[in-house]
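> What follows is a predicted structure for the sequence shown.
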Amino acid sequence: MKTCKIIYNPTSGKKDFENHLDYVVKRIESEGYKVTVEATFRPKHAITLAKNACKEMVDLLVISGGDGTFHECLNGISKSEFSPVIGYIPSGTACDLASTLKIPKDVVSAVDIILNGEVVKMDYTNSNKGSFIYVTAIGTYVDISYVTDSKTKKYLGYLAYLITGIKEFFTIPMIKTKIEHDNGFLRGYYSLILVVNSKKVAGFNIVNKPILDDGKVDVVVYKYIPLLNNIIYFISFLLSPKILPGVRKFRTSNLKIYTNHPHKWNMDGEEADSGNLVIQVQKQALNIIINPKIKDKYFKEQ
């Protein structure tokens, strides 16, 4: 019999996934799976649960939670020899990964995709600070996802992030950085650096046409330009022009970012250590079920 493990975060989003748990289990069991369920009870608990699921060599690992829960599960999978097929039921505040993959927050619709969607091989990225699935960033506004109060997020949703962002409007950091990539290097002062394997970041379209299976990430760097940075962010995040003064974009499979700035890195919405970052893209290393409608758009090599 096929096996399925469900890992869910009971405090994610509106904290109501448990109300749907019986339905999810019965739907998956109806497809011939033996289902077991595990809830997370503390930070980074999902890493351990995902590692255990890999040791058990489950056929299907269903993750329910926000980007942070998925991030933790990925860090369990990336440290394991066996990698199960991943199904995702998003329940967090932003759920950028789910938005890119067109997986709805509605539980019934998300389960439909798990049972009837298409399995693809998606890139993820390893680094000296852990693995990430869709973004790592340093600079302006990147701490919003984890400094925003969880109770505020529950009641206000995405608006809670905007309120926190307004508080940081006048605190643009100046980050001295050297960046080495596949085709050269950059050196200078920057206010925001994004390393992206997604279309959406914080709800905004950061990369118009991402390719999620070619072994490369999109890197977007914003120069530190006093008084103009917020205007540049506004134009970049809302209009997504191909060319914008003060903004550099490139694609790479290997990346080294050198900085001694005290700002912490953000990985998939979770706080990571400050300091230098070294990454290597793991090409097509994650088996994940997606909405078939976006396969030809974002997965070009399958």
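Done, it's in.
> Would you map out the domains in this protein?
Following automatic domain parsing, the chain resolves into domains at 2-116, 131-283.
> Please name whichever of these is nearest to residue 290.
domain 2-116 (4.8 Å; C-beta to C-beta). In short, each C-beta sits where N, CA and C put it, glycine included.
> coming back round to it: lowest mean pLDDT across the domains of the chain, which one is that?
For the domains of the chain, the bottom mean pLDDT is recorded on domain 131-283, which sits at a mean of 87.
> Between the two ends of that domain, how far is it?
End-to-end distance for domain 131-283, by C-alpha to C-alpha, to the nearest Å: 13 Å.
> same check, this time on stretch 200-220
End-to-end distance (C-alpha to C-alpha), stretch 200-220: 13 Å.
> now that stretch, how far from the chain's geometric center?
Centroid separation for stretch 200-220 versus its chain: 11 Å, with C-alpha atoms, centre = their mean, to the nearest Å.
> which stretches of the stretch 51-200 of the chain form helices?
67-77, 96-101, 107-116, 144-147, 150-156, 158-167 (DSSP state H, counting those that start in this stretch).
> just to revisit the earlier point, highest average neighbour count across the domains of the chain?
domain 2-116 (a mean of 19; mean count of other C-beta atoms under 10 Å).
> what residues are up against the residue nearest to residue 244 when sequence neighbours are not counted?
Once flanking residues are discounted, residue 244 sits nearest to residue 236: 5.7 Å by C-beta to C-beta, 6 or more residues apart in numbering. Residue 236 is in contact with 206, 220, 222, 244, 247, counting by C-beta atoms under 8 Å, 6 or more residues apart in numbering.
> and residue 236, that one's in a strand?
No: counting by DSSP: H, G, I helix; E, B strand; the rest coil, residue 236 is not found in a strand; it is helix.
> What separation do you get for it and residue 188?
17 Å (C-beta to C-beta, to the nearest Å).
> what's the answer for residue 285, then?
From residue 285 to residue 188 the distance is 32 Å (C-beta to C-beta).
> And for residue 227?
For residue 227, the distance to residue 188 (C-beta to C-beta) stands at 18 Å.
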